[in-house]
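Participant: Sequence first, predicted coordinates after that:
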Amino acid sequence: MRNREISLTPGAEPQETLGVARAALERHGYQWVPQTDSSAEAHECEDEKGEIRSRLFTGKLRMSLAVQDGRLVMEAVSNGLGLAAATGAPAATVRIRNKLNHCADLVGSALTQAGLAR
């Protein structure tokens, strides 16, 4: 599983949804990178300063988030080896999938508390 979807309540605005997701992920050490009004990326930081030093081999989760058709879609962009997720070694892929699932749970809980998710 490379992505997770969270069903949003009717009328949930993309910017408000992404704002809640951003706050939840930044509290857990992720760096937020805005893309458009309805999408962003979040990168798991490598150190306490919130910096990502290497793009080639990080072992860290990089994910995209997009509000589409009443859903927040969270998709892993990395597999822990800096390669496309479909080509990764099984252990690295499992670690990234687990991290993605954990992040989706965090964001889903925050969105539910804010009244933006069902």
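Facilitator: Alright, I've got the coordinates. Numbers count the residues shown, from 1 in each chain.
Participant: and Leu61, what does it touch?
Facilitator: Applying CB atoms under 8 Å, 6 or more residues apart in numbering to Leu61 gives the contacts 43-44, 76, 78, 80, 96, 99-100, 103. Any C-beta I mention is one placed from the backbone N, CA and C, and that applies to glycine too.
Participant: Restricted to helices, list those.
Facilitator: Using DSSP state H, the subset of those located in helices is 96, 99-100, 103.
Participant: ok, of the contacts of Leu61, which one's closest to Gln35?
Facilitator: The nearest member of those to Gln35, counting by CB to CB, is His43 at 12.3 Å.
Participant: hang on, isn't the closest one packed against Leu65?
Facilitator: No - if you go by CB atoms under 8 Å, His43 and Leu65 don't touch, sitting 11.5 Å apart.
Participant: Those two: who's more crowded?
Facilitator: The residue with more neighbours, out of His43 and Leu65, is Leu65; 25 against 22, by other CB atoms under 10 Å.
Participant: Is that one in a helix, a strand, or coil?
Facilitator: strand (DSSP: H, G, I helix; E, B strand; the rest coil).
Participant: check contacts around it.
Facilitator: 18, 21, 39-42, 72-75, 107.
Participant: do that again at 10 Å, thanks
Facilitator: Neighbouring residues of Leu65 by CB atoms under 10 Å, 6 or more residues apart in numbering: 4, 6, 17-18, 21-22, 25, 32, 35, 38-42, 72-75, 103-104, 107.
Participant: neighbour-wise, which of the ones in helices among the contacts of Leu61 leads?
Facilitator: Ile96 (25 neighbours).
Participant: Point out the least confident one among the ones in helices among the contacts of Leu61.
Facilitator: Within the set of the ones in helices among the contacts of Leu61, pLDDT is lowest for Ile96 (83).
Participant: With that, I have no additional questions.
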